[in-house]
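Structure for the following, please:
(one chain, ligands or ions: 1)
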Amino acid sequence: MLKTGFIGWRGVVGSVLMKRMQEENDFSRLDATFYSTSQAGQKAPSYIHGSKRNLQDAYDLSSLRTQDILVSTQGGDYTEKVYAKLRETGWHGFWIDAASSLRMNKDSIIVLDPINAKQIRKGLASGVKNYIGGNCTVSLMLLAIHGLLEENLVDAIQVSTYQAISGAGAEAMNELFQQFDYMTRQMLTKDKVPAKGLGLEKDIHYALTHCDLPTNKINGVLAANLLPWIDKAVDGGRTKEEWKGHVETNKILDRATVIPVDSTCVRVATLRSHCQSLVLKLKEDLSVREVEMRLQRANPWVHLIPNERQDTLNYLTPIAAADSLKIKVGRVRKMNLGPEFVQMFTVGDQLLWGAAEPLRRTLKIILDRNETL
Ligand code: HSE
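Presented below is the predicted three-dimensional model:
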């Protein structure tokens, strides 16, 4: 059995990965060691099958290098501190990572196997050792429009995202809860009786703009608000999250012709599941029905929602998509921009298909391959 070390398994993405691995009985196929950046020596989780050892030190290169595979959901800072030093020790194991640090490196493959299984298998055969999960919105978008991509029908993409706070990690989630809590406490304590309608809006607006809300993690007030900026600035007036949309999409698709992708990425006060409003320029004038048929049949996860009021309100929402592998696609319609333009709205759990699931499936591909070698 391949020795597999897990780092960051208690974080937001890590916990979702652990849950999925237990559901799929993946731990029975590997020899697991759990690492910790802060609690080495403590007991490993008993609820996870295969955790025979105490927690190992996640910075101990001599321990890490005993593993055949390392799976990190610890975040980019950890990858940047440890990865290069570990390779310098001569370690040749598989590095599977959710963080973006290594994604665009030549010796890394961005993994999303329903789309690029061939690229992954070719990489394994040719000795590639780094398999990195893609940006959450990119993975969810590619799965949503898989049916149009596989027939090479997409000429260009414009995306507006609505990204949940869990995409920013557990501390940001807690800060949003604190902001909401603060907001409601301000409302209730002012006159003991909350105002209504515009009066209530005025009270809340005052609390959000004049009071000392915690904003260190989110970098702004998100309660009753939205923030059209995610990550740091890069060239061309874009944020890094928006830049990823173009470069990662094209690295995963790995085609001779680049598909231009432009995005505006927005943090909203939802908890889990990222939404995207997509404008696609197609290479052909397809009817709504023709587009929907292609989307529906491309993979087992796309769940088409009829472009009707109640279906949309019930099923095409972050709440409806949370904790599910379904990629919901709805509001499919033609545009006034021209006959080759089509728009749609999609929502998927960014912690599952957007982060943990491609890592889990890559690990499985490596284990399967090892068993047949
Ligand atoms: N960058 C994403 C977000 C996290 O901020 O929501 C998932 O890749």
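
How many neighbouring residues does the residue of the chain found nearest the ligand have?
With Cβ to the nearest ligand atom, the shortest gap between the chain and the ligand falls at G167, namely 2.0 Å. (C-beta placed from N, C-alpha, C; glycine too.) A total of 26 residues lie near G167 under the criterion other Cβ atoms under 10 Å.

Just say helix, strand or coil for the residue nearest to it when sequence neighbours are not counted.
Leaving aside its sequence neighbours, G167 sits nearest to Q350 (Cβ to Cβ, 6 or more residues apart in numbering; 5.4 Å). Of the three states, Q350 takes coil according to DSSP: H, G, I helix; E, B strand; the rest coil.

Let me see the contact set for Q350.
When contacts are counted by Cβ atoms under 8 Å, 6 or more residues apart in numbering, Q350 touches 136-137, 140, 163-164, 166-167, 272-274.

Let me have those in JSON lines, extended by pLDDT and secondary structure.
As requested, the contacts of Q350 are exported to JSON lines (pLDDT from 0 to 100; DSSP: H, G, I helix; E, B strand; the rest coil):
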{"residue": "C136", "pLDDT": "98", "secondary structure": "helix"}
{"residue": "T137", "pLDDT": "98", "secondary structure": "helix"}
{"residue": "L140", "pLDDT": "98", "secondary structure": "helix"}
{"residue": "Q163", "pLDDT": "98", "secondary structure": "strand"}
{"residue": "A164", "pLDDT": "98", "secondary structure": "coil"}
{"residue": "S166", "pLDDT": "97", "secondary structure": "helix"}
{"residue": "G167", "pLDDT": "96", "secondary structure": "helix"}
{"residue": "R272", "pLDDT": "98", "secondary structure": "coil"}
{"residue": "S273", "pLDDT": "98", "secondary structure": "coil"}
{"residue": "H274", "pLDDT": "98", "secondary structure": "strand"}
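
The residue nearest to G167 and V138: what is the separation?
Counting by Cβ to Cβ, to the nearest Å, the gap from Q350 to V138 is 10 Å.

again with A269
Distance check for A269 against V138: by Cβ to Cβ, it reads 22 Å.

Who has more neighbours out of those two?
For A269 and V138, the more surrounded residue by other Cβ under 10 Å is V138, and the numbers stand at 28 against 18.

Next one, pLDDT for the more buried one please.
We note a pLDDT of 98 for V138 in this prediction.

And the one 10 residues further on, by the same measure?
Residue-level confidence at L148 comes out at 98, pLDDT.

Leaving out sequence neighbours, find the closest residue to it.
V154 (5.2 Å).

Torsion angles phi and psi at that neighbour?
Geometry field for V154 lists phi and psi as phi -100, psi 130, criterion degrees, to the nearest 10.

OK, contacts around the residue nearest to Y182 when sequence neighbours are not counted?
The shortest distance from Y182 to any residue that is not its chain neighbour, by Cβ to Cβ, 6+ apart, is 5.6 Å, and that residue is L213. For L213, the set of contacting residues under the criterion of Cβ under 8 Å, 6+ apart consists of 178-179, 182-183, 221, 223.

E80 too?
E80 sits next to S101 when contact means Cβ under 8 Å, 6+ apart.

Help me confirm that it is found in a strand?
No. The assignment for E80 by three-state DSSP gives helix, which leaves it out of any strand.

and it, how far is that from S63?
According to Cβ to Cβ, E80 and S63 sit 19 Å apart.

do S287 as well
On the measure of Cβ to Cβ, S287 and S63 end up 58 Å apart.

can you give me the helices in the stretch 101-250 of the chain?
Assignment of helices within the stretch 101-250 of the chain using DSSP state H, counting those that start in this stretch yields the ranges 113-125, 136-144, 146-149, 170-190, 197-210, 240-253.

Tell me which of those is the most buried.
helix 136-144 (a mean of 27; mean count of other Cβ atoms under 10 Å).

Close to the ligand: what parts of this protein are there?
Counting by Cβ under 6 Å from any ligand atom, the residues of the chain close to the ligand are 135-136, 163, 167-168, 230, 241, 350, 354-355.

Looking at the residues you listed, which one is closest to Q74?
Proximity of the residues of the chain next to the ligand to Q74 was ranked by Cβ to Cβ; the top entry is A355 with 12.8 Å.

Leaving out sequence neighbours, find the closest residue to that closest one.
By the measure of Cβ to Cβ, 6+ apart, the closest residue to A355 outside its immediate chain neighbours is V13, 4.5 Å from it.

name the helices or strands packed onto the helix or strand encompassing that neighbour?
Using DSSP states H and E, V13 maps to helix 12-23. With contacts defined as 3 or more Cβ pairs under 8 Å, 6 or more residues apart in numbering; DSSP states H and E, the secondary structure elements packing on helix 12-23 are helix 357-372.

ok, residues contacting the helix it packs on?
Contacts of helix 357-372 with the rest of the structure, by Cβ under 8 Å, 6+ apart, involve 2, 4, 17, 20-21, 24, 26, 29-30, 69, 71, 73, 94, 96-98, 111-113, 117, 120-121, 124, 131, 133-134, 139, 325.
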